[in-house]
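# Predicted model, plus sequence, below.
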Amino acid sequence: MKYIKISKQHITPSIWDGGKTFEYFIYPPETNYAKRDFLFRISAASIEKEPSIFTRFENFQRFLVMLDNDLNIRRNDKIEHYSQQDVFVFDSNDEIVSHSLGNDFNVMVSKSVAFSKVEILTEFNHSIADFIFVFAKVETEIQLNNQKITLEVDDLLVIENLSQQEISVKSQQKIICSFIKI
């Protein structure tokens, strides 16, 4: 197991039609978001115009958690609402129109990936994921196995666990956790 902490303040944003996107992590590292040749991508984005049409990606599943506002969308002409405590899971080929402003945490995963999940938790034990991501909505101290790590607001902890060791994480606050097995 190895891990790195990535701070949003060190990421140069890119522009999408509805705002800005901050790419924290893409895998494999040599892949490219624009070419859509990645297995998964972890990012945060701002939704700065209303309505905004989400970018479509064929053969990807997406997980989205709002960080500072609720999400009101129209998915394939059906109205839906998600609070900040909800994980919005959708096929990236769906037509999504947002009628909310705010900031989100976003995981895009190729449908060829064996397993992917996003949850909002305070603790977990996990051993089957090759990659685990822990995102802090607020400043928090977490315990990763026996190590204490402080995460600032909008920090992402990337845990690479290709040897599939038992990983234990405990947090003082709710954290957004993503588990991916390639």
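It's in. Because the structure is a prediction, the values reported are computed rather than measured.
# From now on I want contacts and neighbour counts done on CA atoms only, so please keep to that.
Noted.
# got the domain boundaries for the protein?
2-110, 115-181 (automatic domain parsing).
# With mean neighbour count added, can I get these in TSV?
Shown next, in TSV, are these (neighbours: other Cα atoms under 10 Å):
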stretch	mean neighbour count
domain 2-110	17
domain 115-181	18
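# Using a markdown table, lay out these together with mean pLDDT.
Compiled in a markdown table, the domains of the chain are given as follows (pLDDT from 0 to 100):
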| stretch | mean pLDDT |
| --- | --- |
| domain 2-110 | 96 |
| domain 115-181 | 96 |
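# I figured V169 hits F124, correct?
Yes. Between V169 and F124 there is a contact at 5.4 Å, judged by Cα atoms under 8 Å.
# so what does the top strand by length along the chain touch, helix or strand wise?
In terms of residue count, the longest strand belonging to the chain (DSSP state E) is strand 167-181. Applying 3 or more Cα pairs under 8 Å, 6 or more residues apart in numbering; DSSP states H and E, one finds that strand 167-181 contacts strand 115-126, strand 131-136, strand 140-144.
# which residues sit against stretch 147-156?
Stretch 147-156 is touched from outside by 5-8, 24, 133-143, 157, with contacts defined as Cα atoms under 8 Å, 6 or more residues apart in numbering.
# change it to 7 Å
Contact partners of stretch 147-156, identified using Cα atoms under 7 Å, 6 or more residues apart in numbering, comprise 5-8, 133-143.
# so which two of these are the farthest from each other?
K8 and Q143 (20.9 Å; Cα to Cα).
# surely S92 meets E58?
Yes. Contact criterion Cα atoms under 7 Å: S92 and E58 qualify, at 6.3 Å.
# Give the bridge partners for N106, please.
Under DSSP bridges, the beta-bridge partners of N106 are S43, L64.
# Distance of it relative to Q172?
Using Cα to Cα, to the nearest Å, we find N106 at a distance of 22 Å from Q172.
# Could you do E139 as well?
Counting by Cα to Cα, the gap from E139 to Q172 is 9 Å.
# Q9 in helix, strand or coil?
What DSSP: H, G, I helix; E, B strand; the rest coil gives for Q9 is helix.
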